[in-house]
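J.: the sequence isn't on hand, but the structure is:
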């Protein structure tokens, strides 16, 4: 019977021998490769933390002790060891989340997938334990780049201030920055650094030297202390942590369960904040991942487990369209530079980096700094393009407002994964940007509907040198081109009804254009005439919008963004300001966090589909006519006939 199937909770690990733990680690890696190959997910990071996760659950007592993950994509092994071994629907509707989830288990504390927050959480939880006099520990696992975020260092500054508040920080270092320090001497030094006796020895030495030899005592003590610190720094790179006042253990081989348990047990006994520095190998045990120099299979779609190759070739996606156009722009304009926040490949800037290595800046997981640095670059005479996931720009709002916009800096923000992204769950849906950014004076937002518009609107954006611009697009494959049949002001007309007084003006935002044309087809079958327009630039609202709306009986907006404060709200305000009194109905994402599922499933759940929208618009027009509402069945029958 495989060992993994016998693990129903962390305490089942206690009775296993070191040989059995090694066997369990191999079983877990085999399980992960097989399971994640079927569904897709974060494979490389989890292959790297197998032994580390086993050791933590043997030393600490979850859920009494709180184990926190940053970022949460490295928690698959934690799920397996806490009773969740059905990965058949990982990241799919009704299946396990790709991140920790409070709804899944009492062992999951925080549902974070935005990096660098875990130390702030740990600081607060440790303070709460102290206030309630709880005999419990807080363990914060931070790694995979999360230490590059400024919030992590703000938290470390606070954590270090409480010398007797238990908190264990596990640094998962999989960047291979340091060679492992092994052997008795390193282990002995680590033990000394986390014992009260060592601290008493240092204090007593200082007291004796300063009291008994006042002339030479201070310089002698400083010399000896400096030599000691220099020697320790030669053995292990703990200097920057100990300078903050944090005890340091390591580096530890992150794939040696016995060494990990020893280090974690010492840290647990210390009674104050301790850094445990673990060296792990991302993608460990899976050759295709180890051979992937780009990111060690950080995040994958379904693959053949034997080869690591994708099961099906993917067509052009929004990200690659942007990336290719950036290279063309780079060749045309020497003042174009690019910025990424530790996501060079995911946001499509790898080709630009290869072509222009001196014009790409990776700021780490530090979106706030990236935005301010972009303002500095713009002020210095270049045009920065900062590509970032839409949901991550939330973190840099103040900098966009007060540094970029206030100073009228020509910075282009390219927001990837805008709108409903689906499988990564609540924190990754890019559903807030068009609401949050509405309040920024002077900022312009483009929402391209297809690949041609990504190229065109990116070029329009980088022409603006006195204000921030935003280009936002969806996740995944980009569909066929949606041609315009006319132009009103700066807006593309996608469908003209051919009547003098059409019923509905349907304002289609971004990638939802094909669905909006479906809505128009369904309405046409009900005898309702519809004009469909794509504003292209959704902020500011085009001046031609109000007079166009005035020629219709109803205005409908459809956006892949929160309904609260989004494009629909902006259009409604523009119509009010222009004195146009036309009924308006806005369709978008409701103000709630969305569970993980496919994009299509999420859109169906929130009613953002052609039949749902057509049904409600039909009812609205019927009310205006003084007729009974058309039934949902009538609209559904038309949709069925089309299929």
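T.: Done, it's in. Quick caveat, the model's predicted, so the values are computed rather than measured.

J.: could I get the full set of strands for the stretch 51-200 of the chain?
T.: Using DSSP state E, counting those that start in this stretch, the strands of the stretch 51-200 of the chain run over 66-70, 138-143, 167-173.

J.: to residue 598, which of these lies closest?
T.: strand 66-70 (24.7 Å; C-beta to C-beta). Where you see a C-beta, it was placed from the backbone N, CA and C, and this is true even at glycine.

J.: which residues touch the closest one?
T.: Strand 66-70 has contacts (C-beta atoms under 8 Å, 6 or more residues apart in numbering) with 56-57, 60, 75, 78, 100, 107, 109-110, 112, 115-119, 121-122, 125, 136-143, 146, 152.

J.: rewinding a little: and the strands of the stretch 51-200 of the chain as TSV, adding distance to residue 311?
T.: Below are those laid out as TSV (distance: least, C-beta to C-beta, whole Å):
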stretch	distance to residue 311
strand 66-70	28
strand 138-143	29
strand 167-173	30
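
J.: could I get the ones you listed as a markdown table with mean neighbour count, mean pLDDT and distance to residue 441?
T.: Output for those, formatted as a markdown table (neighbours: other C-beta atoms under 10 Å; pLDDT from 0 to 100; distance: least, C-beta to C-beta, whole Å):
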| stretch | mean neighbour count | mean pLDDT | distance to residue 441 |
| --- | --- | --- | --- |
| strand 66-70 | 27 | 95 | 35 |
| strand 138-143 | 27 | 94 | 37 |
| strand 167-173 | 26 | 93 | 41 |
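
J.: mind checking which of those is nearest residue 419?
T.: Comparing those against residue 419 with C-beta to C-beta, the closest turns out to be strand 66-70 (25.8 Å).

J.: what lines up beside that closest one in the sheet?
T.: strand 138-143 (parallel) (DSSP bridges).

J.: the strand it pairs with vs strand 167-173, what angle?
T.: For strand 138-143 against strand 167-173, the angle between stretch directions is 20 degrees (axes from the mean of the first three to the mean of the last three C-alpha atoms, to 10 degrees).

J.: contacts for strand 138-143?
T.: 49, 52, 56, 60, 65-70, 74, 116, 118-119, 121-122, 125-126, 129, 152, 166-174, 280.

J.: contacting residues for residue 94?
T.: residue 597.

J.: what do you get for residue 294?
T.: Residue 294 touches 345, 350, counting by C-beta under 8 Å, 6+ apart.

J.: which pLDDT value belongs to it?
T.: Looking at residue 294, its pLDDT stands at 77.

J.: can you start the count at 393 instead of 1 from here on
T.: Sure, I'll start numbering at 393, so the last one becomes residue 686.

J.: quick one: it from residue 746, how far?
T.: 12 Å (C-beta to C-beta, to the nearest Å).

J.: what does residue 429 give?
T.: 29 Å.

J.: the more surrounded of those two?
T.: residue 429 (22 against 10; other C-beta atoms under 10 Å).

J.: does the more buried one count as helix, strand or coil?
T.: Following DSSP: H, G, I helix; E, B strand; the rest coil, we place residue 429 in the helix state.

J.: chain neighbours aside, what residue packs nearest to it?
T.: Nearest residue to residue 429 in three dimensions, chain neighbours excluded: residue 697, at 4.0 Å (C-beta to C-beta, 6 or more residues apart in numbering).

J.: so that neighbour sits right up against residue 431, yeah?
T.: No: assessed by C-beta atoms under 8 Å, residue 697 is found out of contact with residue 431, at 11.8 Å.

J.: fine, thanks again, bye for now.
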